[in-house]
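Trainee: attaching a predicted model along with its sequence, questions to come.
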Amino acid sequence: MVTDQGTVRVDVWIWCVRLVKTRSMATAACRGGHVRVNDERVKAATPVRPGDEVRLRHGGRERLVIVQQIVRKRVGAAVAADCFIDNSPPPPPREALIPIGRRDRGAGRPTKRDRREMERLRGQLLDSDED
């Protein structure tokens, strides 16, 4: 259901256009201060209208979208893409997201030997970055 007039709650809109997976995640993002409309922190019930700029910090990245159309029900991905203009910065490279020195769950604290190996590995990675 796509309409061009009126307003809709910001939490409903970011869920309908598939910026977040669930409606409760959208409400929690608003409650946590991760949603801004026209550079103002908003509550979940704040109305959005076409032309508004919505900033959402979710999933480790910042999304910056401009509202094109008002949607009151969750729509498919193809229709959702037409409802906003995405001006988000590109996501960080995949290599930047890989954590260094992950241990298996239940492995306990690292031993002194494990810790020295991790420090040696980190030292090699840091030295190679400086070249």
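Mentor: Structure received.
Trainee: so in terms of bridging, what pairs with the residue nearest to the spatial centre of the chain?
Mentor: What sits nearest the mean C-alpha location of the chain, by Cα atoms, centre = their mean, is residue 58, with 2.4 Å. Beta-bridge pairing of residue 58 under DSSP bridges involves residue 61.
Trainee: my read: it touches residue 22, true?
Mentor: No. Using Cβ atoms under 8 Å, residue 58 is not in contact with residue 22, being 11.4 Å away. To be clear about C-beta, it is placed using only N, CA and C from the backbone, and glycine gets the same treatment.
Trainee: on that earlier part again, next, the contact list for the residue nearest to the centre of the chain, please.
Mentor: Counting by Cβ atoms under 8 Å, 6 or more residues apart in numbering, residue 58 makes contact with 19, 20, 25, 29, 34.
Trainee: please, which helix or strand holds the third one?
Mentor: For residue 25, the enclosing helix or strand under DSSP states H and E is helix 23-31.
Trainee: run the chain-centre distance for that helix.
Mentor: When C-alpha coordinates are averaged (Cα atoms, centre = their mean, to the nearest Å), helix 23-31 and its chain have centres 12 Å apart.
Trainee: perfect, that will be all.
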